[in-house]
Structure formats: C-alpha cells, structure tokens
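# I would like to see how this sequence folds:
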Amino acid sequence: MGCRPLVFVVACRLIFCNGAAAQASPLSDPDVYYAEEGVKSPKLASTDFSPVIANNCDYEGAGIIRVFVIVSAQGKSEKVAPLYPYNDDIDKAAVSIAEVDRFSPGVKDGVPVNVAQELEIKLTICRVKIVNKDGTTSARLRLKSAPVQKLLPAPKQPLPTRLSAVEAPITSDRTKQYSKLKPRNSAPVPLETPEAEWPPAQRGIQGSSLVSLVVDTKGQPTAMRVVRGTNEQFNEKALEAVEKYRFKPAKIGNDPVPVRILVVVNFKPI
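Sure, this is the predicted structure:
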C-alpha cells in the first residue's frame, strides 16, 4: 500500500519565465526549425555517463528538469537553457548533461537541419570529496546514477519574459478556492494526486519530501526538484508521484499562466 500524499500549495508565485530559456529561444531565427514544420524530429543518441557517476558519495538532491536545446544539423546541442530555472546545482547538472548529449539530427527534405527541442532530464546528484595535491579536500558534483532523458518537440510560440506574483494562503484542502487572491486571479487546483509508492526499505518509517515544481499552462508539473526530504528513497518516490499530478492551471484573468508551487508528500505508517 502506498502513502497518502498531503498537498500544500504554498505562496504561489506566478512565473512568466524570466530565465535563460526565454533569452535563448530562436523564435525568429530562419535557420531553426520546429517539428510541426514538416521536419523529421532528431533522436537522442546513447551517452556514456559512467565517468561522472559515483556510487559512494553524499546525496545532494534529485529533480526532473526540462531544458530548451537546439539540436544542430551536426547532431550537437546548442543554446542549452533550463525552462523555469531554479538556478541551483540540479539545473547546472541538467545543462551539463544536455551539453554533452549527441543526436541524430532532424531532417527536412532529406537535409539535416537545426531543430528546436525540449529535453526532459531525470537525475540524482551527489558530491564526492576530492583530496588535492596540497592535502586539502574539496567537493565535486557527480551523478548518483545515469540520467533518464526524453526528447520532446519545442512549442513554436514566444516564451513569457515578465515576472508577476500572487500570494495564496497555505492550505491542505485540495478543493478549496483561494479567496485571498487578487480579483480575477486564481491558483492552480489539484485534480489528480496519485499516492506515492512507499520505498520497500523504509516500511514502517515516517518521512516526508518537499517538492518544488512549476504547474504549466496545461496543468502539468515540470521543473521539479526535491527541496527538502527525509532521505533519498522517500525523495525519489515523491518525485515519481508528483510527476503524475495534474492540475487546473493558475490564471490571471482568463489566461492560464505557469506557477511555481511547493508540494509536501508525507509517508506515515498506517
């Protein structure tokens, strides 16, 4: 039996993505194509990440990050930037992964072309201690396991570039409407919150994970990372569950907007 996740929508900050992804988007570049333009999509090639995988390391965090990338006609990644950036080590690791990825390029009329894509990366990062030549120690960022990646078409529309904020009260009532929001604005409303699977090794142990995510304009979670959690096992199961959440998107007036929220997933012995 899985645990019953308890959802808190905390101080919803409506985000009109002001990160590097908006700056990198080549929407007016005539040399960059999109999948809907009669282009055969690129394919992600297998990459050996074993040189940067460390099993005996201190767990640092986990996330499911989406980055913008142009797959060049040579099959290389260019202009990599996280969507809805958090500007933390998980973002940095995701960008580093995307930058070393290689692809079979997209093709239009039989000719390889540059294609705008989104790349979803599920990763767990950790730190290893390095002993320097002078006897001092330093920490290096590593992967705890091979990243799981999925290549997706990038939408052909301008990315939002402004920031705005609306505050919502803390609540554990998943059906409550947020009456303290500014007129005509609304917070996201959870529609589907499947239970998190209990880690087998943690049976009978109480724990929780605090997950930060962006609810996009379609009501789907993205830009997820564990902000705080009891341990690595709980955090991984919490991420897997939150990835399947679905929402009625937040709105300003009648327009759906992306919003960053925090979700608490509790694991309590029954």
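# What residue spans form the domains of this protein?
The record, using automatic domain parsing to delimit domains, assigns the chain the ranges 20-153, 162-267.
# need those in TSV with mean pLDDT and mean neighbour count, can you?
Just so you know, the C-beta spots here come from the backbone N, C-alpha and C atoms, and that holds for glycine as well. Shown next, in TSV, are these (pLDDT from 0 to 100; neighbours: other Cβ atoms under 10 Å):
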stretch	mean pLDDT	mean neighbour count
domain 20-153	88	17
domain 162-267	77	17
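# what ranges do the helices span in the stretch 101-250 of the chain?
Along the stretch 101-250 of the chain, counting by DSSP state H, counting those that start in this stretch, helices occupy 232-242.
# in it, which spans are strands?
Across the stretch 101-250 of the chain, reading from the start of the chain, the strands by DSSP state E, counting those that start in this stretch fall at 103-104, 106-108, 111-131, 137-143, 148-153, 185-186, 189-192, 207-215, 221-229, 246-248, 250-252.
# in its sheet, what does the third one sit against?
It refers to strand 111-131. On the basis of DSSP bridges, the sheet neighbours of strand 111-131 come out as strand 32-33 (parallel), strand 58-71 (antiparallel), strand 106-108 (antiparallel), strand 137-143 (antiparallel), strand 148-153 (antiparallel).
# looking at these, which is closest to Arg203?
strand 58-71 (20.1 Å; Cβ to Cβ).
# Among the strands of the stretch 101-250 of the chain, which comes closest to Ala93?
When these are ranked by distance to Ala93, counting by Cβ to Cβ, first place goes to strand 111-131 at 5.1 Å.
# roughly how far is the closest one from the heart of the chain?
Taking Cα atoms, centre = their mean, to the nearest Å, one finds strand 111-131 lying 12 Å from the centre of the chain it belongs to.
# any idea of the angle it forms with strand 221-229?
Orientation check (axes from the mean of the first three to the mean of the last three Cα atoms, to 10 degrees): strand 111-131 against strand 221-229 gives 0 degrees.
# Make 282 the starting number, not 1.
Got it, first residue is 282 now, which makes that one strand 392-412.
# I'd like the strands of the stretch 382-531 of the chain as CSV, with distance to Tyr340 appended.
Written out in CSV, the entries for the strands of the stretch 382-531 of the chain read as follows (distance: least, Cβ to Cβ, whole Å):
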stretch, distance to Tyr340
strand 384-385, 30
strand 387-389, 37
strand 392-412, 5
strand 418-424, 11
strand 429-434, 17
strand 466-467, 37
strand 470-473, 28
strand 488-496, 13
strand 502-510, 10
strand 527-529, 29
strand 531-533, 32
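# Indicate which one of these is closest to Val546.
The closest of the strands of the stretch 382-531 of the chain to Val546 is strand 488-496. By Cβ to Cβ, the value is 4.9 Å.
# Can you give the distance of that closest one from its chain's centre?
When distances are taken as Cα atoms, centre = their mean, strand 488-496 is centred 11 Å away from the chain's centroid.
# Please apply the same query to stretch 378-398.
Taking Cα atoms, centre = their mean, one finds stretch 378-398 lying 22 Å from the centre of the chain it belongs to.
# Quick one: end-to-end length of that stretch, please.
Taking Cα to Cα, to the nearest Å, stretch 378-398 runs 15 Å from one end to the other.
# about what we covered before: closest one to Glu473 among the strands paired with strand 392-412?
When the strands paired with strand 392-412 are compared for distance to Glu473 using Cβ to Cβ, the nearest one is strand 339-352, at 16.9 Å.
# before we move on, the earlier item: select, out of the strands paired with strand 392-412, the one closest to Ser377.
The stretch from those with the least distance to Ser377 (Cβ to Cβ) is strand 418-424; that distance is 8.6 Å.
# just the CA coordinates of the closest one, formatted as PDB?
Listed next in PDB are the C-alpha coordinates belonging to strand 418-424 (Å, rounded to 0.1, in the frame of the first residue of the first chain):
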ATOM      1  CA  THR A 418      39.900  18.500   0.400                       C
ATOM      2  CA  SER A 419      37.200  19.800  -2.000                       C
ATOM      3  CA  ALA A 420      33.800  18.600  -3.100                       C
ATOM      4  CA  ARG A 421      32.900  17.800  -6.700                       C
ATOM      5  CA  LEU A 422      29.400  17.400  -8.200                       C
ATOM      6  CA  ARG A 423      28.600  13.900  -9.600                       C
ATOM      7  CA  LEU A 424      25.700  11.900 -10.800                       C
END
